[in-house]
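Participant: below: sequence and its predicted model.
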Amino acid sequence: MKTPAASTRLDGGCACGAVRYRLAARPLIVHACHCRDCQRLTGSAFVLNAWIEGRFVETLRGAPASYGLAGGSGRPHDVFFCARCGTYVWSRYSGSRDSLFVRVGTLDEPDALAPDVHIYTRTKLEWLELPAGARAFRSFYRIAAVWPAESKERMRRQREAVRRRSARRAPGA
């Protein structure tokens, strides 16, 4: 993963500048997703998504609008975009509600993050050659087998915090 040092800020935003954000931590992992939904939403061969806990995405200016879509799996996900220029800045998927998938191309320095894995390559466009040695999966993958230990631990802590919040809100808790 070509990620910056922990002290480096990663700022980004939409094309017109109405929405600006900052990543306050390194992503858990960076996906190059080749699914048909990502191809359609980006108008390109794939999308680069930086998977990061929502608490580490600080909105600096503006608030993105959102729209709910059904993905290829039929499960819902929300896409967030600038209401003025339409740039998609991130997504939130139903299976990971406390995480965001930030569009790497909206970073001020998009070359700061390279893909760790290529996913849904079963629908990769034929003419696109993946780099030699790239980790690639026909669909998704087992997180336990792919993620670095630090990312798995961050996700474990996030899920535990969500469970604690849910328990405090539950009746009779």
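Facilitator: Perfect, thanks for sending it. Numbers count the residues shown, from 1 in each chain.

Participant: which SSE is the residue positioned nearest the centre of the chain in?
Facilitator: For the chain, the residue nearest the mean C-alpha position is Phe101 (1.6 Å; C-alpha atoms, centre = their mean). Assessed by DSSP states H and E, Phe101 sits inside strand 99-103.

Participant: try Ala144
Facilitator: helix 143-146.

Participant: roughly how far is the helix or strand just after that helix from the heart of the chain?
Facilitator: Elements were assigned by DSSP H and E; along the chain past helix 143-146, the next helix or strand is helix 149-169. Mean-position distance between helix 149-169 and its chain equals 18 Å (C-alpha atoms, centre = their mean, to the nearest Å).

Participant: now do helix 149-169, average pLDDT.
Facilitator: Across helix 149-169, pLDDT averages out at 89.

Participant: same check, this time on stretch 120-131
Facilitator: pLDDT averaged over stretch 120-131 gives 97.

Participant: any stretches of the chain with poor pLDDT?
Facilitator: 1-8, 72-73, 170-173 (pLDDT under 70).

Participant: in the protein, which spans are strands?
Facilitator: 10-13, 20-23, 29-33, 47-53, 57-61, 65-70, 76-81, 88-93, 99-103, 117-119 (DSSP state E).

Participant: okay, buried residues for the helix holding Ala144 please.
Facilitator: By 16 or more other C-beta atoms under 10 Å, the buried positions in helix 143-146 come out as Val146. For every residue, glycine as well, the C-beta is placed using N, CA and C.

Participant: show me what it is packed against.
Facilitator: helix 149-169 (3 or more C-beta pairs under 8 Å, 6 or more residues apart in numbering; DSSP states H and E).

Participant: the helix it packs on packs against which elements?
Facilitator: Partner elements for helix 149-169 (3+ C-beta pairs under 8 Å, 6+ apart): strand 47-53, helix 143-146.

Participant: and it, C-alpha only, in CSV?
Facilitator: C-alpha atoms of helix 149-169 as CSV (Å, rounded to 0.1, in the frame of the first residue of the first chain):
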residue,chain,number,x,y,z
ALA,A,149,-3.1,-7.0,11.2
GLU,A,150,-3.3,-3.2,12.0
SER,A,151,-6.4,-2.8,9.8
LYS,A,152,-8.1,-5.9,11.3
GLU,A,153,-7.5,-4.6,14.8
ARG,A,154,-8.9,-1.1,13.9
MET,A,155,-12.0,-2.8,12.5
ARG,A,156,-12.4,-5.0,15.6
ARG,A,157,-12.2,-1.8,17.8
GLN,A,158,-14.7,-0.1,15.6
ARG,A,159,-17.2,-3.0,15.8
GLU,A,160,-16.8,-3.2,19.6
ALA,A,161,-17.5,0.6,19.9
VAL,A,162,-20.6,0.1,17.8
ARG,A,163,-21.8,-2.8,20.0
ARG,A,164,-21.2,-0.7,23.2
ARG,A,165,-23.2,2.3,21.7
SER,A,166,-26.0,-0.1,20.7
ALA,A,167,-26.1,-1.7,24.1
ARG,A,168,-26.4,1.8,25.8
ARG,A,169,-29.3,2.7,23.5
